[in-house]
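[1] next come a sequence and a model predicted from it.
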Amino acid sequence: QCLSTSKSCAAVARAVALRVTLGLHPCSEATGAYCKARAKLPVALLSRLATPSGDELERHAPKEWQWKGRRVLLGDGTTLSGPDTPANQAAYPQHTNQKRGLGFPLIRVVVLLGFATGALVGAAIGPAKGKEAGEMALLRELLDRFQAGDVFVADRAYCSYWLVAALPARGVDVAIRLHQSRHDDFGAGTRRGDDDHVVTWTRPARPGWMDKATYHATPKAVTVREVRFRVERPGYRTREIIVATTRTDATAYTREDLAQLYHHRWRVELSIRDIKQTLAMDV
């Protein structure tokens, strides 16, 4: 129904046609009950239906579509606006830059998309402002969507000690752009090659959202490999990018391998745009 350009409940007519084709007794052509039931579908149910489908698509993708035979999940966030109703405003407050009554409810979404197919593997939804409304908070809701052997690729907004410590404990590697607030010194650590070294990150102070038990269960230090490469495009200023990864083996995973992997991170931006346009999700 979402993919149909028709705004009517065309799914009922299609269900009738399918049942007749299968030799079954046709159901009623009335759409009233269907439309009422559709409006009551909970988000959690839709998520449980959608994400296993994404898992299956990724699992059946040709090996050559994968990265070194591993499932790669690309993570990123986006925002959507909703109908301006009191209930939506209460759950998803509008942007503070807009005067009350002149803005729309703002919804934040964080997604995990498969590298091989672009399929949705995980999604968390919440308000765009307020306590624990950031992308990292929503990503923490998706940790169970990762499988041992996965590789998580994301931009610097996700460069967190807590994430880099939590995912390897699940058998998941990360390749995340280094956050600008984290100091880099390629003269320190263990050198793996040009612009390539292994360093130790130490556990920071406990954040407010984390309970004491979780904090003390988190390793006091993690080993991270940092690789630096330059992106050059004709007519544009050369950009220097540093990627932090838990893959410390420079032979199996070269600096060039990691640069190429992070280069493909841009796919998640395009895939989110495709999903929003296809499903008419501007509002």
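    On my side now, so go ahead.

[2] and G122, that one's in a strand?
    Yes. G122: assigned to a strand according to DSSP: H, G, I helix; E, B strand; the rest coil.

[3] give the contact list for it.
    Neighbouring residues of G122 by Cβ atoms under 8 Å, 6 or more residues apart in numbering: 51, 54, 73, 111-112, 142, 145. Where you see a C-beta, it was placed from the backbone N, CA and C, and this is true even at glycine.

[4] ok, now how distant is it from F146?
    Applying Cβ to Cβ, to the nearest Å, the value for G122 to F146 is 8 Å.

[5] any shared contact partners between the two?
    Residues within reach of G122 and of F146 at once, by Cβ under 8 Å, 6+ apart, are 73, 112.

[6] about what we covered before: now go through the contacts of G122 and say which are in helices.
    Among the contacts of G122, DSSP state H puts 51, 54 in helices.

[7] distance of H264 relative to A116?
    As judged by Cβ to Cβ, H264 and A116 stand 11 Å apart.

[8] meant to ask about A250
    Distance from A250 to A116, counting by Cβ to Cβ: 25 Å.

[9] SS state for R228?
    Counting by three-state DSSP, the backbone at R228 sits in strand.

[10] which residues does it bridge with?
    Beta-bridge pairing of R228 under DSSP bridges involves I242.

[11] which residues does it contact?
    Listed by Cβ under 8 Å, 6+ apart, the contact partners of R228 are 184, 186, 195-196, 240-242.

[12] try it again with 7 Å
    The neighbours of R228, taking Cβ atoms under 7 Å, 6 or more residues apart in numbering as the test, are 186, 195, 240, 242.

[13] buried ones among the residues you listed?
    195, 242 (16 or more other Cβ atoms under 10 Å).

[14] need the contacts of R228 in a markdown table with distance to P42, secondary structure and pLDDT, can you?
    Conversion of the contacts of R228 to a markdown table gives the following (distance: Cβ to Cβ, whole Å; DSSP: H, G, I helix; E, B strand; the rest coil; pLDDT from 0 to 100):
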| residue | distance to P42 | secondary structure | pLDDT |
| --- | --- | --- | --- |
| F186 | 50 | coil | 90 |
| D195 | 49 | coil | 93 |
| E240 | 46 | strand | 89 |
| I242 | 42 | strand | 94 |
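
[15] and of the contacts of R228, the nearest to A30?
    Of all the contacts of R228, A30 sits closest to I242, with 60.5 Å by Cβ to Cβ.

[16] ok, the closest one touching I176?
    No. Here I242 does not reach I176: they are 10.0 Å apart, not a contact under Cβ atoms under 7 Å.

[17] quick one: the helices in the stretch 1-150 of the chain?
    With helices called from DSSP state H, counting those that start in this stretch, the stretch 1-150 of the chain shows them at 10-21, 32-39, 43-59, 86-91, 135-140.

[18] could those helices be laid out in a markdown table, adding mean neighbour count, distance to A205 and mean pLDDT?
    Below are the helices of the stretch 1-150 of the chain laid out as a markdown table (neighbours: other Cβ atoms under 10 Å; distance: least, Cβ to Cβ, whole Å; pLDDT from 0 to 100):
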| stretch | mean neighbour count | distance to A205 | mean pLDDT |
| --- | --- | --- | --- |
| helix 10-21 | 13 | 53 | 89 |
| helix 32-39 | 11 | 46 | 82 |
| helix 43-59 | 14 | 34 | 88 |
| helix 86-91 | 13 | 32 | 90 |
| helix 135-140 | 19 | 16 | 93 |
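
[19] okay, the ones you listed in TSV with distance to F152 next?
    Formatted as TSV, those follow (distance: least, Cβ to Cβ, whole Å):
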stretch	distance to F152
helix 10-21	36
helix 32-39	34
helix 43-59	14
helix 86-91	29
helix 135-140	9
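
[20] related to what we said a few turns ago, including distance to Y161, could the contacts of G122 go into JSON lines?
    Output for those, formatted as JSON lines (distance: Cβ to Cβ, whole Å):
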{"residue": "T51", "distance to Y161": "27"}
{"residue": "G54", "distance to Y161": "28"}
{"residue": "L73", "distance to Y161": "20"}
{"residue": "V111", "distance to Y161": "23"}
{"residue": "L112", "distance to Y161": "20"}
{"residue": "L142", "distance to Y161": "18"}
{"residue": "R145", "distance to Y161": "21"}
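
[21] list the ones among the contacts of G122 that fall in strands.
    Secondary structure from DSSP state E places 73, 111-112 of those in strands.
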